[in-house]
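Enquirer: pasting a predicted model and its sequence here:
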Amino acid sequence: MTALVAVGAAVLRTIGLNPQRLGAESESRVPGKPTFTGMDYQLTGMGERTTRLEFATWPQVIGGMDALAVLQLQHRTQAVVPFIRLGANWLGTLQGFVVVRHLSIDEERLHPFTGIGRIVHGEAELVHVGSGAGGFTFGIM
């Protein structure tokens, strides 16, 4: 089982809670004011930075509900956790520290015995807090 993404202790894997799509969004604040010679712009810093993470699992086949429970707990407690993109040979990139601001979970076709959907989809919005490491790579060589 290959780990792909870690949001704190919630590890999303190929077999388990599987990441389907990652999206990033940020803003740079640059207000402008017209002058007689054109526009005058002032750089006032960076705004909010967010990452959108879509995931899916088939609980009766590959599990993944444990990682989803950890993600839900982090959301409820507003825990500040590291967001790590994982790669081959124990290599990972720390994307920064995040808080799970929004969490949406959908279940399809409830299983008659467990009551859990046969397919569980979800989306989490992670807001980056603090300066973090900004793409620091670490690993075991």
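Expert: The structure has been received and is ready for your questions. Residues are numbered from 1 along each chain as shown.
Enquirer: give me the pLDDT value at the spatially most central residue of the chain.
Expert: The residue lying closest to the centre of the chain (CA atoms, centre = their mean) is L53, at 4.5 Å. You'll see L53 listed with a pLDDT of 95.
Enquirer: and the top strand by length along the chain, what's buried?
Expert: Under DSSP state E, the strand in the chain containing the largest number of residues is strand 92-110. Buried residues in strand 92-110, counted by 16 or more other CB atoms under 10 Å: 92, 94-100, 103. Any C-beta I mention is one placed from the backbone N, CA and C, and that applies to glycine too.
Enquirer: what is it packed up against?
Expert: Packed against strand 92-110 by the contact rule (3 or more CB pairs under 8 Å, 6 or more residues apart in numbering; DSSP states H and E) you find strand 3-7, strand 46-57, helix 65-77, strand 81-86, strand 117-129, strand 136-138.
Enquirer: mean pLDDT lowest where, among these?
Expert: The weakest mean pLDDT among the helices and strands packed on strand 92-110 belongs to strand 136-138, with a mean of 47.
Enquirer: residue furthest from the geometric center of this protein?
Expert: F36 (45.4 Å).
Enquirer: against L22, how distant is that one?
Expert: 46 Å (CB to CB, to the nearest Å).
Enquirer: tell me who's in contact with Q72.
Expert: Counting by CB atoms under 8 Å, 6 or more residues apart in numbering, Q72 touches 103, 105.
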